[in-house]
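A.B. asks: this is a predicted model, with the sequence first.
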Amino acid sequence: MNWKEVCPYNPKLNLKDTYIYDTTLRDGEQTPGVCFTEEQKLNIARKLDELGIKQIEAGFPAVSKKEREIVKKIANEGLNADVLALSRALKDDIDKAPSCDVDGIITFIATSPLHLKYKLHKSIEEVEEMGMKAVEYAKDHGLFVAFSAEDATRTPIEDLIRIHKNAEEHGADRVHIADTTGCGTPQSINYICSELSKNLKKAHIGVHCHNDFGLAVANSLGAVEGGAQQIHCTINGLGERAGNASLEEAVMSLKMIYGIETSIKTEKLTEISNLVSKLTGIKTQPNKAVVGENSFAHESGIHAHGVLAHALTYEPIPPEIVGQKRKIILGKHTGTHAIQSKLKELGFEVGENISDEQFKEIINRIKDIGDKGKMITDADVIAIVEDITKRTVKSERIVNLEQIAVMTGNKVIPTASVALIINNERYITSKVGVGPVDAALKAIQSIIGEKIKIKEYHINAITGGTDALAEVIVKLEGYGKEITTKAANEDIVRASVEAIIDGINKIME
Ligand SMILES: [Zn+2]
């Protein structure tokens with residue numbers, strides 16, 4: 001079955017040569033709070049190149065000396081992609097770009113009545129003249145030149161047509177329609193691009209859409225339908241305010257909905273998204289299209305069943321082609337069969353290494369965590385299974401925890417009281433420590449004696465949030481044995497105690 005065949009309403013356009021222009025390193029870096037180091041910018045530029053981007057906007061040389069050094073390094077990195085730099089329509093700005101060894105310049109000036117009146121204090125004629133001089137001057141350097149009309153979507157169409165025709169005549173290789181405040185619609189940008197296409201002879205049209213209304217990708221696609229050949233994107237949709245068109249979403253929409261193959265190696269999309277997220281410290285939302293953690297995750301029994309029967313039922317994009325994997329998520333909506341198949345995948349078989357009784361408890365624990373709105377990872381399942389299968393053999397153990405109570409706070413010394421049953425005899429003690437875990441473990445240690453020692457103690461939060469499942473791993477030494485054990489619980493004291501007691505039993509076995 002072909003994906004296109006099951007989507008009868010999608011546009012049937014005969015478009016080709018649509019390409020993606022990446023401005024992660026320029027507009028993306030203008031994301032509030034984001035500033036890349038030189039090494040980070042080079043790293044991203046190399047990854048963008050590997051991704052198959054044809055043109056990279058590396059920076060804004062007029063910003064600083066350091067910015068010029070970085071743009072120059074990227075330009076001299078030997079990338080397949082062309083490296084471009086942004087300049088205002090000013091001679092001084094343009095002069096700074098060629099010295100960075102870039103392949104092209106984007107020169108921009110605002111054209112909307114709003115920007116003319118309140119920002120530039122100039123007439124449209126003055127601005128047009130500045131723009132044309134800038135194009136001509138940039139072109140004199142023998143470089144690729146794009147002319148960008150800032151706030152184009154709030155500029156009268158007759159001005160846009162005249163200015164862009166003029167820019168083409170002055171040598172612009174491409175003109176950009178900037179939806180600077182993201183207030184265009186797919187229809188309005190489509191209209192602007194089709195009017196321009198009718199009036200331009202050879203200059204390509206590019207679109208630069210911002211995401212203030214969440215329409216950046218939709219507007220870019222509207223532009224493509226209207227004749228634009230190029231979409232400005234950033235990885236993860238980074239950029240000023242609400243950001244720019246997300247590269248991942250634009251590429252996959254073009255490919256899957258429009259049938260347009262770009263130069264992008266889509267299987268690398270998730271990797272570069274993760275890299276940029278790591279470098280910027282801006283976490284990608286889980287439900288982000290294409291690259292989000294949940295983009296290919298199915299929890300409900302109905303969806304999981306459908307997607308396992310035929311992927312297209314609930315997956316419009318095969319996860320592998322964007323470097324993702326399908327995830328069947330266990331949660332409160334999951335059925336018994338899904339849990340059983342997940343257990344099998346992890347090496348646990350009901351009736352073999354898990355009893356029916358334990359299986360029921362596993363389901364309850366999984367659903368309990370699911371009810372709290374938590375995503376349950378494989379590690380959680382393993383932790384739960386190990387915890388349950390271990391605890392149920394308690395009766396055979398030499399040492400059993402009967403009771404534990406801890407007290408902690410800012411005005412008390414953390415204290416733990418522990419009651420252990422060892423060979424059917426009850427031992428009870430209290431100890432203080434630097435914290436509740438320390439106090440609890442010291443109490444246990446004092447009952448057990450010095451023959452068993454805690455050599456190592458590690459704790460991991462397996463799931464996020466303050467109600468995360470904590471996993472404690474301990475290494476104990478005694479009676480010539482060294483044992484590593486772990487336990488999982490939402491309570492770190494209980495996880496710690498369970499891990500220690502498990503270890504003590506293994507040593508004393
Ligand atoms: Zn922008």
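C.D. replies: Perfect, I can see it now. Keep in mind it's a predicted model, so treat the numbers as computed, not measured.
A.B. asks: how about the helices in the stretch 351-500 of the chain?
C.D. replies: 356-371, 378-391, 436-448, 492-508 (DSSP state H, counting those that start in this stretch).
A.B. asks: report the buried residues of the last one.
C.D. replies: Going by neighbour count (16 or more other Cβ atoms under 10 Å), the buried part of helix 492-508 is 492-505, 507-508. Glycine gets a C-beta too; all of them are placed from N, C-alpha and C.
A.B. asks: the first one now?
C.D. replies: Within helix 356-371, the residues that count as buried by 16+ other Cβ under 10 Å are 358-359, 361-363, 365-367, 369-370.
A.B. asks: other residues contacting it?
C.D. replies: 330-334, 336, 339-340, 343, 350, 354, 376, 380-381, 384-385, 388-389, 392, 463, 469 (Cβ atoms under 8 Å, 6 or more residues apart in numbering).
A.B. asks: just the buried members of the residues you listed?
C.D. replies: Buried among those (16+ other Cβ under 10 Å): 330-334, 339-340, 343, 350, 354, 376, 380-381, 384-385, 388-389, 463, 469.
A.B. asks: show me where the stretch 201-350 of the chain has helices.
C.D. replies: Under DSSP H, counting those that start in this stretch, the stretch 201-350 of the chain gives helices at 216-225, 247-252, 269-280, 301-309, 336-345.
A.B. asks: kindly reformat those as CSV containing mean pLDDT and distance to residue 449.
C.D. replies: Listed next are the helices of the stretch 201-350 of the chain as CSV, based on pLDDT from 0 to 100; distance: least, Cβ to Cβ, whole Å:
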stretch, mean pLDDT, distance to residue 449
helix 216-225, 97, 66
helix 247-252, 97, 59
helix 269-280, 94, 47
helix 301-309, 80, 51
helix 336-345, 81, 39
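A.B. asks: which stretch among these comes nearest residue 59?
C.D. replies: Residue 59 lies closest to helix 269-280 among the helices of the stretch 201-350 of the chain, at 15.5 Å (Cβ to Cβ).
A.B. asks: what lies in contact with that closest one?
C.D. replies: 24, 28, 31, 34, 36, 40, 43-44, 47-48, 51, 235-236, 238, 247-248, 251-252, 283-284, 290-291, 322-324.
A.B. asks: and the residues you listed, which are buried?
C.D. replies: 24, 28, 31, 34, 36, 40, 44, 47-48, 51, 235-236, 238, 247-248, 251-252, 284, 290-291, 322-324.
A.B. asks: and residue 48, how far from residue 252?
C.D. replies: 17 Å (Cβ to Cβ, to the nearest Å).
A.B. asks: residue 181 now?
C.D. replies: For residue 181 relative to residue 252 (Cβ to Cβ), the value is 25 Å.
A.B. asks: do the same with residue 187
C.D. replies: Distance from residue 187 to residue 252, by Cβ to Cβ: 22 Å.
A.B. asks: what does residue 164 give?
C.D. replies: 29 Å.
A.B. asks: per-residue pLDDT, the most far-flung residue of the chain relative to its centre?
C.D. replies: In terms of distance from the mean C-alpha position of the chain, residue 425 ranks first, at 54.6 Å (Cα atoms, centre = their mean). In this model, residue 425 is scored at 91, pLDDT.
A.B. asks: all set, thanks.
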